[in-house]
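Engineer: Need the 3D shape of this:
(2 chains)
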Amino acid sequence: MADQAPVRPRDLESAVADLQQRFPDAVKPDTRKGFGGIIIDPAKLVEVATAIRDDLGYNYLSSATAVDYLGQGDHMEMVYHAFRAPEGGPGLVFKAQTPRDNASIPSLIRVWPGADFQEREAYDLHGIHFPGHPNMKRILLWEGFDGHPLRKDWREAYYEEDYKPFESRWPGGHVSRTEEFNPYGHNVRYPAGFDPNTYNPSDQHLYDGQNLGVDIEADPGLKTDRLTVNLGPQHPSTHGVFRMVAQLDGETVEDLEPVMGYLHRNHEQIGERNTWNMNMPFTDRLDYICSMSNNIGYALAVEGLLGKGATVPYRAEVIRVLMAELTRIMNHFWSIGFLLNDLGAFYTPSLYAIETREHILDFFEATSGSRMMCNYSRFGGVARDLPERIHSVVNLLNDKVRDENTMDYLTGLITELLPRAIDEYDRFLTDSEIIKTRAEGVGLLPPDMAIAYSAAGPVLRASGVAYDIRRAQPYSIYPELEFDVAVRYNGDVYDRYLIRIDEIRQSLRILKQILPKLEETKGQSIIGTKNPYSTKAPNGESYGHIENPKGELGFYVVSQGDGKNPWRYHVRAPSFINLTALGEMCKGHKIADVVAILGSIDIVLGETDR
Amino acid sequence: MYGLGIVKGLSVTLKHFVETFLDDIHWFGQRNSLATFQTKQGLGGKGMYTVQYPEEKIAVPERFRYIPFLVTYNNDDPEYPGKDWCTSCGICAKVCPPQCIWIVRGTDATTGRPKPEPEQFYIDIDICMNCGYCAEYCPFDAIRMDHDYELASYDRTGNHIYDHSKLTKEIRYWQAIAPTTAAEEMAARGGYDQTDTQKMRKKAGLPASRPGPTSDKPEAAPVAAAAVIPNAVVEAHPTEIPADRVAPEQAAAVSASISSTGSATTAEGKPIVRRRGNAGKAATPGATPSAAAPTTAAPAAAPTATPAAAALAPQQPTPAAPPSNVAASATPAATPEPSKPPAADLNKPATVVRRRNSPPPKKD
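Structural biologist: Next up, the predicted model:
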């Protein structure tokens, strides 16, 4: 068998060389300063992408996003990051360019179904058309939105300035509430021909292509009415403002489409207006459960741009791993708790989970100043060292004070409380027949499909693909830490539950190795830069991605011009991309299982909608 | 056997259930003790424990960050009472991610030159995202994150834009809510005083920094003191202080030092501007020039010491300053400073008054 398989080039260079040899006209290297990868002629994109996937083995499309190079070449560019799963190794970056007017790039949805939502997002925010995409419509914004906000020449209705820091937010010379500058009803602009008064949100566009209105007489196989059910946007099981349009045959789901964007705030546009530094607290607001590791992901991306200018000292790496793994434990506790909520185990498991999580948050609060909006990483390190003591004083009217040694607290947390909590949780839930009945065999996602749909994190690994960025493209000090990549093989809701238990145990293993390192490095530097308040990044691109608890969190950043602000700031959000496979996972299951399947993906709408 | 898993799971809930009651018995009658809270909310906690907010509140850890506030010297500081630590450099406004800070640099009324203290400082707390960058990047430790998280108000239109007076808090407040951090910062600054003040003191030939009060020794004020502005006076009707309350000797001394040290003023440049800022600040609302003068008082020259507010309030009309002024003129660099600000305040009290008790922002 082995000799029949095509001989894959082992490393990235030979893969690129191989590609250039096979497609001499269509493939050329990206020679811009600070950039890498290859640029592919859009006419041959699908062909080359198929070769990249099948012959070169870069079978996992991590991220696909668009960049508008207005004034820097005046073209739109789609940037794809493909990796090998589960082998790992460096990724292949390929790009396709198109003029800004009538921007159009062939859709890669046939090669990677995981490109589905990402291409729709690029269409929505950048206005690039993707011929070949079966469902080309807006995904985050609504139909009454004028223009494509990530185009560099787009201006919102209430426009202040292109870049922060603003000359003045209050140019009138006195301070007023923004609401007064920006009154309700005038802070919006509609596309030509759109009248909000006559707009009837019939949602017909959602049902187009869902094969509704089937003539029942003519379809003898259909024993019942085919009906459409909207789960959400307000629904207790959607973990936020999220909607699923399910097309049912009786109780069985025939098709399901996620509808999102209710919490959209154009995070990326805000990010491109901000300076580099200012984005850090904004990343807290993405996946607000895991703000600590969001910070690390963004810091990694920008450190990739800054290069030697931002070397992270060892102690900062240790602290980052400590924070990232505590976040993972916390997130998994949370997600299991709420998965059980969705399964009907109302609030007992989730309150046990929240109780445990609270101990971790106490530590975060004492270290970073905030339980959830940590804003803790900086380029080249972390904001502050761990406090000597977790300490509060009586002030105002607060009387409940505490004072504990931080290292004692951490040791107690990692070696006693958390292992005990996870054991108890395991005993509480894992063998329960009710949970097994509800979860086993539900929401199947086979491994090849998981890879094709760009599923990440626990969803991918529960399907038997041992792809973990901590091992596949190691960052920080993970190479020197001993842990296993947790894998489960059935790819159902139950395995997605089990893998989170496994990952908590692995994280605890890591943390136990981190504790002595924290002691060893005590007093060492925690930041490798002078950490000036205005960071200037050299021109170039960087993709920083980490294994966030919910999956691969990637930040694609581009610096152009004076480098004070990000030219492009893209978030590869695991919650968002994991939803691509939701429809497939739900097909054929009962409507009641949809809730469980969604719960097992573990989404946070702050990150999904951005 | 089918159902065993459920039983196993239920044993966990039963354990929690029983444990709660057993633990309640264990702590019976001690619900309100601090030890109960610390144990039950800590890692060893068992059972359930509810903090009865708002009757009880968990004190936030020292590094907790909420809305920023501006640090000033204590109002009973013997040398720089109530002086802003902010030099209006504007870094906080530049780094602020949601851009919620509005700052206007003060202008010296006599020279028209900018002076290193804010004339206006507003923070729109509806925009503030509590990231803490302003405090982190402030080179003067002049803006810090508050711990007061109860900001709800009945009126969102006026109450949520904090002006300078609402933002201002004494350094002792920061030392009280974050003793460890305040001590660390003090060590990093190289002393109690604000960095700029330290430079200025050095130039004036004084010790760079005074020992200053700390959180554990809040009364350890330096010996040098001539007059103090009690907090109450600062806040109360500043415009009502008539000019004739200024002692004539003081006015004379002021004009004399202006004429005699006019060249020195320009030569000294920065430090003088800064010092002028101090004095101007010191002379704010409640303070008469006599209160402003001690900015230069060398420790030895200081006649009075105890900063007891009530006792000192009546002293204000009395010209206690001239002697210290004379004494200070022995230190050459320090001579010019006390002169102008009082004069400026006499002529144009409005500039100062507006800064301290600025009217609420206009709403068009």
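
Engineer: which residues touch the residue of the stretch 101-250 of chain B found nearest chain A?
Structural biologist: Distances between the stretch 101-250 of chain B and chain A by CB to the nearest CB are smallest at B:C131, namely 3.6 Å. C-beta here means a position set from N, CA and C on the backbone, and glycine is covered the same way. By CB atoms under 8 Å, 6 or more residues apart in numbering or on different chains, the residues touching B:C131 are A:280-281, A:373, A:375, B:65, B:97.

Engineer: For A:Y425, see how far away the residue of chain A found nearest chain B is.
Structural biologist: Of all residues in chain A, A:D431 sits closest to chain B, at 3.1 Å by CB to the nearest CB. Distance of A:D431 to A:Y425, given as CB to CB, to the nearest Å: 12 Å.

Engineer: Can you list the residue ranges for strands in the stretch 251-400 of chain A?
Structural biologist: Taking DSSP state E, counting those that start in this stretch to define them, one finds strands in the stretch 251-400 of chain A at A:252-259, A:377-378, A:381-382, A:389-391.

Engineer: So which of those strands is the most surrounded?
Structural biologist: Highest mean neighbour count of the strands of the stretch 251-400 of chain A: strand A:377-378, a mean of 28 (counted as mean count of other CB atoms under 10 Å in any protein chain shown).

Engineer: quick one on the thing from earlier: quick one, which of A:D431 and A:Y425 is more surrounded?
Structural biologist: A:Y425 (24 against 15; other CB atoms under 10 Å in any protein chain shown).

Engineer: Pick out the residue of chain B closest to chain A.
Structural biologist: For chain B, CB to the nearest CB, closest residue to chain A: B:G5, 3.1 Å.

Engineer: excluding its backbone neighbours, what's nearest the residue of the stretch 101-250 of chain B closest to chain A?
Structural biologist: A:P281 (3.6 Å; CB to CB, 6 or more residues apart in numbering or on different chains).

Engineer: roughly how far apart are that neighbour and A:L305?
Structural biologist: Counting by CB to CB, the gap from A:P281 to A:L305 is 19 Å.

Engineer: Could I get the full set of helices for the stretch 351-500 of chain A?
Structural biologist: Using DSSP state H, counting those that start in this stretch, the helices found in the stretch 351-500 of chain A span residues A:406-412, A:418-429, A:433-439, A:447-452, A:458-461, A:469-472, A:493-520.

Engineer: could the ones you listed be laid out in JSON lines, adding mean pLDDT?
Structural biologist: Listed next are those as JSON lines, based on pLDDT from 0 to 100:
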{"stretch": "helix A:406-412", "mean pLDDT": "90"}
{"stretch": "helix A:418-429", "mean pLDDT": "90"}
{"stretch": "helix A:433-439", "mean pLDDT": "88"}
{"stretch": "helix A:447-452", "mean pLDDT": "91"}
{"stretch": "helix A:458-461", "mean pLDDT": "92"}
{"stretch": "helix A:469-472", "mean pLDDT": "90"}
{"stretch": "helix A:493-520", "mean pLDDT": "92"}
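
Engineer: Report the buried residues of stretch A:559-578.
Structural biologist: Buried residues in stretch A:559-578, counting neighbours by 16 or more other CB atoms under 10 Å in any protein chain shown, are found at A:559-560, A:563, A:565-578.

Engineer: again with stretch A:333-352
Structural biologist: So, applying 16+ other CB under 10 Å, buried residues of stretch A:333-352: A:333-343, A:345, A:348-350, A:352.
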